[in-house]
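1. Predicted model follows, preceded by the sequence.
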Amino acid sequence: MSSSRHPLARRAFTLVELLVVIALIAVILSLVLYGVSGIQRQARSAKCLSNQRQINFAFNCYYADNSGRFCGVDTDRNPWDWVKTPVGTPAETEAHLKNGRLWQYIGSFEVYKSPFDPFPSPPPGATMASGTTRIRTYSFNAFISTGEGYMWAGPPNWQVNTMGKIPLPAETIVTCLEYDHRGYNINGFGINLSGNGNWVDKLAPWHPGHWNFTFADGSAVSQNAFAKQKDIDYYMTLPQNDIFWPGPDYEWVRRRLAPGSTP
């Protein structure tokens, strides 16, 4: 008797099987990319908070080295301001940061700018057109030190210059991310404290779903936004100040600019 052996026939993938495999690969890739994106956002947020902590720490170092008096929180209204960018300057430069009173404590341009800031930094030494680049993201609460908060319904005696005059340090905002459409953040950050929903200056909307702040007691907080991101993106990027936008986000900020001195 003779026998014959037939090799096993190779079966190709069907179209349905190929589509299933491709779909599984796409799902896995999307999960990986989402996870990587989330990790990158968290890292940038941590860096942003670290920058603000360093600025806040420098603020307190100046306070300790100058007989318990704050530096100025504007950008060239006083000789002792933290940044010295003359009014009318087309764009802020490295020299303006170096001439400020906090440079000796900070000493790094990177600290002045959030990794979320979408505006490119100007090349070293370059003079760029207003609104095309930004070298600084952060601003101080205009209702402390010698800021201009008195212009926006601030308490008559709120222009404090020592820590002891801040009623509630753990609840008083010191720094935040500001978006000033005029090219750079001019003077401090403030909104109208009367409760009328008027944002005199605007928070920068670049953190997805939250805002970053530091407080007078040295703490740093990522505060979840109450509004939807599409609304934040719309109102906080309008090309003007004095934006009317009431709601929980406005109230949360308003109550932490001069707590203990305003209702």
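-> Perfect, I can see it now.
2. Let me see the backbone angles for the nearest residue to Trp206 once chain neighbours are set aside.
-> With C-beta to C-beta, 6 or more residues apart in numbering as the criterion, Trp206 has its nearest non-adjacent residue at 3.9 Å, and that residue is Phe116. In short, each C-beta sits where N, CA and C put it, glycine included. Dihedral pair for Phe116: phi -90, psi -10, per degrees, to the nearest 10.
3. What pLDDT is listed against Phe116?
-> You'll see Phe116 listed with a pLDDT of 93.
4. Distance check, Phe70 against Asp231.
-> Phe70 is 34 Å from Asp231, where distance means C-beta to C-beta, to the nearest Å.
5. and the end-to-end length of stretch 218-236?
-> Counting by C-alpha to C-alpha, to the nearest Å, you get 26 Å between the two ends of stretch 218-236.
6. So between Phe70 and Asp231, which is more surrounded?
-> Taking neighbours as other C-beta atoms under 10 Å, Phe70 and Asp231 compare with Phe70 leading, 25 against 15.
7. Then the more buried one would be within a strand, right?
-> No. Counting by DSSP: H, G, I helix; E, B strand; the rest coil, Phe70 falls outside a strand, being coil.
8. For it, which residues are in contact?
-> Neighbouring residues of Phe70 by C-beta atoms under 8 Å, 6 or more residues apart in numbering: 59, 62-63, 144-146, 160-163.
9. Show me which of those are buried.
-> 59, 62-63, 144-146, 160-161, 163 (16 or more other C-beta atoms under 10 Å).
10. among those residues, which are in helices?
-> Among the buried ones among the contacts of Phe70, the members found in helices (DSSP state H) are 59, 62-63.
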